[in-house]
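Undergrad: Here is my input, please return the structure:
(one chain, ligands or ions: 2)
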Amino acid sequence: MTIERIDVDVTSPGRNFVTAVVTTGDGVVGLGDGTLNGREFAVVSYLRDHVAPTLIGRDESQIESIWQYLYRSPYWRRGPVTMAAVAAIDMALWDIAAKKAGVPLYKLLGGASRTGLLSYAHASGTTIEKLNEAIHGYVEQGFRAVRIQSGVPGLDQIYGVHDSAPGGKYEYEPAGRTETGAAMRPAEETWDTAAYLRHLPSVFAAVREEFGGDLRILHDGHHRMSPIEAARLAKDIEPYAPFWLEDCTPGEDQTALRLVRHHSTTPLAIGEVFNSVHDYQTLITERLIDYVRSSATHAGGITGLRQIMTFAGIYGIRSGFHGPTDVSPVGMAANLHLGLALHNFGIQEYMPHSETTLSVFRTSYRFEDGLLHPGETPGLGVGLDREAASRYEYQPAYLPVNRLRDGSVHDW
Ligand code: CS2
Ligand code: MG
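TA: Numbers count the residues shown, from 1 in each chain. Ligands and ions are numbered 1, 2, ... in the order given. The predicted structure follows:
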């Protein structure tokens with residue numbers, strides 16, 4: 001059978017999402033996530049104007065050949081926009097293949113290698129007390145792993161820190177905008193790495209004191225340290241046995257992690273902003289990371305992410321797929337189906353989507369006793385209510401910009 005039409009739905013039920021909707025000649029519909037937070041319409045145009053016309057009439061079962069076609073035919077290859085567009089098509093074709101086979105997608109990827117996927121939640125607090133309160137909430141929900149992000153004395157709003165309503169859901173949405181006249185700009189935050197490095201070890205000490213050694217605790221440095229600063233932090237938190245330190249320094253400077261590795265055995269996770277296996281070449285072959293952070297949405301879909309994980313597995317490196325709310329439920333499902341089948345699975349990030357988002361995207365994955373499972377629905381197991389989606393218009397939103405106290409632009 002062949003691809004008859006490709007639609008690209010843009011919707012904003014709680015936040016912006018881009019979804020490829022691929023329909024075959026025999027009426028089977030596949031979904032793919034192409035959401036690129038803050039640059040959504042770049043992917044929409046890439047799909048609508050440059051990809052869709054070239055795929056109409058092609059055999060939708062030729063997933064690998066179509067992936068290679070989308071990767072090599074534009075000549076200008078890789079990059080976040082290109083690979084999010086490739087991802088959206090790839091996911092949709094895998095969704096169709098599994099629906100036609102009448103099985104949940106993981107069964108086409110090698111079947112279940114485990115009963116469920118160890119998952120981690122996002123806990124944060126402007127103070128250590130509020131952070132511990134949030135962690136207790138997640139432990140009570142059954143999470144066995146929690147990412148901890150804390151406010152830093154002397155700094156206002158910083159990445160990843162948000163006080164959840166007592167007992168309420170943790171809904172942190174960093175993308176937004178400020179408008180002054182015709183100008184529409186990202187919010188701006190102020191950063192001070194020295195203050196952060198002084199404070200963070202006390203946060204780890206307080207969390208370990210409160211929760212003991214069993215709870216897996218993770219932290220996201222979010223690209224903001226120099227290599228030597230990252231080495232210092234990795235060394236300072238090592239006594240608290242973190243599960244991982246993520247994005248301790250901008251990952252594209254791959255050899256920088258040699259310095260961090262030299263000073264610490266703290267496990268390292270990098271790659272959520274990467275989009276192809278080539279971005280990882282040095283990190284993987286020199287064993288400079290322990291976990292791959294990409295998501296199917298940003299790394300060329302299930303086909304692209306599986307390439308990375310096959311390569312990583314040779315070097316003892318495991319998955320830690322990105323799963324924030326700006327990966328749509330479709331992209332999350334893709335992560336889960338691949339994660340269930342992979343031998344070198346590590347952990348899955350799980351930021352539950354809002355009720356508004358889930359009113360448009362109907363999911364069949366479930367969280368039980370600290371583990372996620374993609375479910376048994378044929379395909380990816382996610383439905384898109386396109387009529388409901390059409391009622392949520394796109395809302396321009398940008399990720400914040402970070403500046404040091406002297407005003408210079410920094411990594412957010
Ligand atoms: C974060 C992301 O979840 C994480 O590890 O790094 O939430 C990141 O800030 C967003 O995906 C950016 O859109
Ligand atoms: Mg991160």
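Undergrad: for the residue nearest to Leu118 when sequence neighbours are not counted, what are its contacts?
TA: The shortest distance from Leu118 to any non-neighbouring residue, by Cβ to Cβ, 6 or more residues apart in numbering, is to Ile347 (5.0 Å). All C-beta atoms are positioned from the backbone trio N, CA, C, and that covers glycine. Ile347 makes contact with 117-120, 145, 216, 218, 243, 291, 318-320, according to Cβ atoms under 8 Å, 6 or more residues apart in numbering.
Undergrad: out of those residues, who has the most neighbours?
TA: Sorting those by how many neighbours each has (other Cβ atoms under 10 Å) puts Gly320 first, at 29 neighbours.
Undergrad: Grab the nearest non-local neighbour of that residue.
TA: In space, Gly320 is closest to Tyr291, 3.5 Å off (Cβ to Cβ, 6+ apart).
Undergrad: Likewise for His343?
TA: Using Cβ to Cβ, 6+ apart and skipping the chain neighbours, the partner closest in space to His343 is Ser113 (5.7 Å).
Undergrad: Contact residues of the protein facing ligand 2?
TA: With Cβ under 5 Å from the ion as the criterion, the chain meets ligand 2 at residues 220, 272.
Undergrad: Now tell me which helix or strand of the chain has the poorest mean pLDDT.
TA: Ranked by mean pLDDT, DSSP states H and E, the weakest helix or strand in the chain is strand 178-180, scoring a mean of 89.
Undergrad: contact partners of that strand?
TA: Contacts for strand 178-180 (Cβ under 8 Å, 6+ apart): 184-187.
Undergrad: The same query, at a cut-off of 6 Å, please.
TA: Identification of contacts with strand 178-180 by Cβ atoms under 6 Å, 6 or more residues apart in numbering yields 185, 187.
Undergrad: Equivalent analysis for stretch 218-235, please.
TA: Contacts for stretch 218-235 (Cβ under 6 Å, 6+ apart): 120, 147-148, 159, 193, 197, 243-250, 256, 259-260, 263-264, 266, 411.
Undergrad: What's opposite whichever residue of the chain sits closest to ligand 2 in the beta bridge?
TA: Nearest residue of the chain to ligand 2, counting by Cβ to the ion: Asp220, 4.3 Å away. When bridges are called by DSSP bridges, Asp220 pairs up with Glu246.
Undergrad: how many other residues sit next to it?
TA: 22.
Undergrad: Arg185 too?
TA: With other Cβ under 10 Å as criterion, Arg185 counts 11.
Undergrad: Would you mind giving the secondary structure of the nearest residue to Leu218 once chain neighbours are set aside?
TA: Once flanking residues are discounted, Leu218 sits nearest to Arg147: 4.4 Å by Cβ to Cβ, 6+ apart. Under DSSP: H, G, I helix; E, B strand; the rest coil, the three-state class of Arg147 is strand.
Undergrad: Return the residues of this protein in contact with ligand 1.
TA: Within the chain, the positions near ligand 1 by Cβ under 6 Å from any ligand atom are 37, 174, 220, 222, 272, 324, 326, 349, 399.
Undergrad: if I pick the second one, what's in contact with it?
TA: Taking Cβ under 6 Å, 6+ apart as the contact definition, Pro174 lies against 399-400.
Undergrad: Glu393: neighbour count?
TA: 9.
Undergrad: what mean pLDDT does stretch 327-340 have?
TA: What stretch 327-340 shows for mean pLDDT is 98.
Undergrad: With stretch 61-80 instead?
TA: Rounded mean pLDDT across stretch 61-80 is 98.
Undergrad: For the residue lying closest to Gln141 once chain neighbours are set aside, pull up the helix or strand it's in.
TA: Spatially, and ignoring its direct neighbours in sequence, Gln141 is nearest to Ala121 (7.4 Å; Cβ to Cβ, 6+ apart). Element membership for Ala121 (DSSP states H and E) is strand 117-125.
Undergrad: Just give me how far that strand sits from the chain centre.
TA: Averaging C-alpha positions (Cα atoms, centre = their mean, to the nearest Å) puts strand 117-125 13 Å from its chain's average.
Undergrad: can you check stretch 351-370 too?
TA: Mean-position distance between stretch 351-370 and its chain equals 15 Å (Cα atoms, centre = their mean).
Undergrad: List the buried residues of it.
TA: 351-353, 357, 360-361, 363-365, 367, 370 (16 or more other Cβ atoms under 10 Å).
Undergrad: Same check on stretch 145-158?
TA: Quick answer for stretch 145-158 (16+ other Cβ under 10 Å): 145-152, 155, 158.
Undergrad: helix or strand for Met332, which one?
TA: Assigned by DSSP H and E, Met332 falls in helix 329-341.
Undergrad: Residues contacting the next helix or strand after that helix, please?
TA: Using DSSP H and E, the helix or strand that follows helix 329-341 in sequence is strand 348-349. Contact with strand 348-349 is made by 117, 119, 321-323, 339, 372, as judged by Cβ under 6 Å, 6+ apart.
Undergrad: dump the residue contacts of the residue positioned nearest the centre of the chain.
TA: Nearest to the geometric centre of the chain sits His322, at 2.5 Å (Cα atoms, centre = their mean). By Cβ under 6 Å, 6+ apart, His322 lies in contact with 272, 293, 295, 349.
Undergrad: Let's see the pLDDT reported for the residue nearest to Gly375 when sequence neighbours are not counted.
TA: Closest residue to Gly375 apart from its sequence neighbours, by Cβ to Cβ, 6+ apart: Ser364 at 3.5 Å. We have a pLDDT of 98 for Ser364.
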